Structures are given as structure tokens and as C-alpha cells.
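3D, please:
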Amino acid sequence: MEHIVKINFLGAAGVVTGSKFLLETSEKNILIDCGMFQGLKELRALNWDDLPVNVENIDVVLLTHGHLDHVGYLPRLVKQGFTGKIIGTAPTLAIAEIILKDSAKIQEEEAQKANKEKYTKHNPALPFYTIFEAEKTINQFQVEMPDKWIALSKNISYRFQYNGHIIGATFIELDVNGKRFVFSGDIGRQNDYLLNNPKKPEWADYLFIESTYGDKLHPTEDIDTILSELINQTIHKKGNLIIPSFAVERLQTLMYLLWKLYMKNKIPNIPIFIDSPMGNNVLEVFKRYPNWHKLSDSDYNAMCKHMNIIQSYKETWETIDDKRSKIIIAGSGMVSGGRVLTYLQQLIDEPSTTVLLVGYQAEGTRGRLLKEGAHEIRFFGKYYPVKAKIKTIESLSAHADQSDLLNWLSNIKNTPEKVFLIHGEPTALDAFRVKIKDTFNWNVTIPKLTDVEKLLI
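Here you go, the predicted model:
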């Protein structure tokens, strides 16, 4: 008997953000990821729209990992009537809880500040969701183990498989009436500093694969030398090295790299300040789930002891007023929010400051503007001249590059009936489409936002 499966591309189609894929079947309606749009203003505006589907009919949400662009829309989903379980691995749900609470807190604070200082067109400015709404959402979380097939209904089951990228991250295999749907989530890299290599799928009838770096190879950079030179220049200039960082994985990797450089006598004992409340909470997740990463207990403890971990906003200002040369690692990675804004607002107009960008900078973010040489930057409604030196390290990305993506596909034994390229900007998507066609001769599609695909299986 033939069955129709309807795929709704509700996010991360033609863009790198807002991952949401709804599978409608005769037995269950399953949402894979539920992320917020980030970056360009017209994308962010989409967050405020209700989903163009009947949310009350969604039975379950399966999460690949805990990043905001994969989980940040969950409270809105609940607000629109979703009452089912939100399922992920234990570290994924721990990260998602941290991110949702932190995001809600920032949104409440920013709305309050915007209303108080009247730099908003909205009257009043409202948070995207509140801490109360985030907590209500977290009550629907349910942990499942990786590597184990779990039945959702008579003819539908799923399995989480380790995928690197960040702690807890997986790809999802979904068997529907004998056909296998594989959702890559975000794929990690080979030989990561903190994480094991991603597992690879071995069968896929319908494959949904991220293409963030579908057109690029990460450069081979000598990270130790780059960091050592920047730190020594910072000391020579009596300045500050500010590193905007994603709180999950990137911050812990930077801590590890800087601690290792000190242990190898490649840098002096320069003060290192870690200012990311969310990052501190993620450090605790590393401690709780040692089987999900490569860091030993003793290395973890020594690394944390070497850093000055900031606990309060008062300490943020004390750090800014501290005249010593120092390294400051602060959230967020794309300079779109978080504590790093306070440091940059105060220090970006000083030639002795260096800003080091160490991750993907989405279109429409301050990080992308800085990377592309903006002469001024706007914080809290005011413009500040950029006199700081802006540097980038491309090779610390937590995302697989084109070579890693092809390697991840290399164990698939069958020819997929259809491959959908998702989670990429247009040029990356098209380059990766051509590469897959040339390498495997598979049938590749690039869906657009709000497309609906009907599959007869």
C-alpha cells in the first residue's frame, strides 16, 4: 500500500538559519528541529509569524542539537498550541534549556531597555518569549539515548546518532513505512579538539543535509602560532584581545587552546577573562556528560582554574576598567547580543584593541559587518567608530566543510531517491549540489522556504 509523506520546509531552506522540517504522515506528524531565524532583518521578522501549519496537530519534536537556530522557536511553538514531547539526547536538552532560558532573559532585558531608552519603533517593544514561556517549554522535554531505535507508532521509528559539532549533537534517522529519512542536523568536523568524529549514515532513501560550508574548504591554519602572535602583539600594544564567542563548544575550545598554549610556554600568563553566563553553564554540561567529549577530568579542572570566570555584570565593568593587557572571551559569536556588546561599545574605538572573529558570521549580523571592514558599528541605538584591528580565524568552525560533508556521505550504500540540500546560503547550496552530482550522481533538490514536498512511499 502506498503512503504519502508531506515535507514542510519551514526553515533553513535557502538560508542557514531557523531549522524546522515538518513530516506529515498518516500515523504521526513529526517536527525535526524548531529553530529561530537569525541574521538579516527580513529573516528575523519571520520569527514573529505563526507557522503556516496546524501546530496542534504536531505530535512530537525531535531535536538534532541545542543551538538557538535549531531550538529557539520552541516556546513560540508551545504558545501556538503544541502539547507533545520535545525529544533529544541528554546533553542536547541540557544545552537547549540553557539557551532558551538565556535567550528569554536577554529578550526581556532588551525589551525593557528599549522601552526605557525609547530607541525602538515598537510601542511597547516585547520579548520574543519570556522566561516563564521558556520554562513551560522545558517541561515538555524528554531524554532519549543515542544508537537505539525508538518506536513512535506502528510503522515509524527513529534513532539518534553521534554527530560531533557540539556536545549532544546527533543526526536523526527516521524510518517511515520501510523508507529511511536521514536529517543531518549540523555535522561536526574530523579531528575536533574536544569532540569525537561524527558517525556516518549507511542508508538513506531521503536525505536532508546541511550545506553551511558546501562551497568551501576550511583553511589549514597554524592556530597556535596565530593566537600566540596576536596575544604577544596585544601585550606589546598594552591593549585588549576581545574574542566574541559562541557559548556552546567554541568558548570551551578557545579555553582549551589558550590553556594548552600557556602549558607549552607559547604565551605568558596573561589574564584571561571568560564572560558568558551561558558559557559557564555549558561548562557544567561538559562536566556532567564526560562520555560525550574527549576532555579528561584533570584537563577540564586545570583549564577552568587557569581562567577568570566572570559571574556578574559588575565584574564585566571591573574587567573593562582593568588597565592590564588581557584576553576577553565573551558571548555572542556573531556579535548579535550578549556581554561582548558591552566590551566592544567601550573598547572598539581604541587602536590598541584587537577583535578576533572565530566562527561563522551570518548575513545581517554585526560580526559579518566587522569582518567585511565596517568603519562604524551600532550598539544600543548609537554608532561607534571601528578603530580596533579586526582579525579572523576561519578554521575553528564547528561545521563540516565540503570535504567533511562528502566524507560523511561516503558510507551510504544505496542511491537515495532524493537529496535535499538545506541550511546553506544560495552560493553554498548550488556549489554543493554540483559537487554531489559530480561525485555520486545523486538526484539533488534545493528547497525554498515554505516549500511543501509530497513523497509517495
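
how about Leu93, nearest residue that isn't a chain neighbour?
Distance criterion Cβ to Cβ, 6 or more residues apart in numbering; nearest residue to Leu93, sequence neighbours excluded, is Phe141 at 4.7 Å. C-beta coordinates here come from the backbone N, C-alpha and C atoms, glycine included.

isn't the one you found up against Gly88?
Yes. Using Cβ atoms under 8 Å, Phe141 is in contact with Gly88, at 7.4 Å.

list the contacts of the helix or strand harbouring Lys314.
Applying DSSP states H and E as the criterion places Lys314 in helix 313-321. The contact list for helix 313-321, computed with Cβ atoms under 8 Å, 6 or more residues apart in numbering, reads 273, 275, 308, 310, 326, 328, 339, 342-343, 346-347.

measure the residue nearest to Leu93 to Asn407 for me?
32 Å (Cβ to Cβ, to the nearest Å).

surely Asp59 touches Thr83?
No. In this structure, Asp59 is not within contact of Thr83 by Cβ under 8 Å, at 9.5 Å.

which of the two has more neighbours?
Shown here are Asp59 and Thr83; by other Cβ atoms under 10 Å, Asp59 has more neighbours (17 against 10).

quick one, phi psi at the more buried one?
Main-chain dihedrals, Asp59, degrees, to the nearest 10: phi -90, psi -40.

skipping adjacent residues, who's closest to it in space?
Excluding the flanking residues, the one nearest Asp59 by Cβ to Cβ, 6+ apart is Lys28, at 4.6 Å.

so who does that neighbour touch?
So Lys28 contacts 59-60, 152-153, 156 (Cβ under 8 Å, 6+ apart).

for PyMOL, what selects the buried ones among the residues you listed?
Filtering the contacts of Lys28 down to the buried ones (16 or more other Cβ atoms under 10 Å) takes a single PyMOL command:
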select buried, resi 59+60+152+156
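
closest one to Thr445 out of the contacts of Lys28, please.
Within the contacts of Lys28, proximity to Thr445 (Cβ to Cβ) peaks at Ile156, which comes in at 22.9 Å.

can you give me the strands for the stretch 51-200 of the chain?
Remark: strands assigned in the stretch 51-200 of the chain by DSSP state E, counting those that start in this stretch are 60-62, 85-88, 141-143, 150-153, 156-162, 170-176, 179-183.

mind putting those strands into a markdown table with mean pLDDT and distance to Val285?
Conversion of the strands of the stretch 51-200 of the chain to a markdown table gives the following (pLDDT from 0 to 100; distance: least, Cβ to Cβ, whole Å):
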| stretch | mean pLDDT | distance to Val285 |
| --- | --- | --- |
| strand 60-62 | 99 | 20 |
| strand 85-88 | 98 | 13 |
| strand 141-143 | 98 | 13 |
| strand 150-153 | 98 | 23 |
| strand 156-162 | 98 | 16 |
| strand 170-176 | 98 | 15 |
| strand 179-183 | 98 | 23 |
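
related to what we said a few turns ago, tell me how far the residue nearest to Leu93 lies from Val61.
As judged by Cβ to Cβ, Phe141 and Val61 stand 10 Å apart.

more neighbours, those two?
The neighbour count for Phe141 versus Val61, taken as other Cβ under 10 Å, is higher for Val61 (27 against 20).
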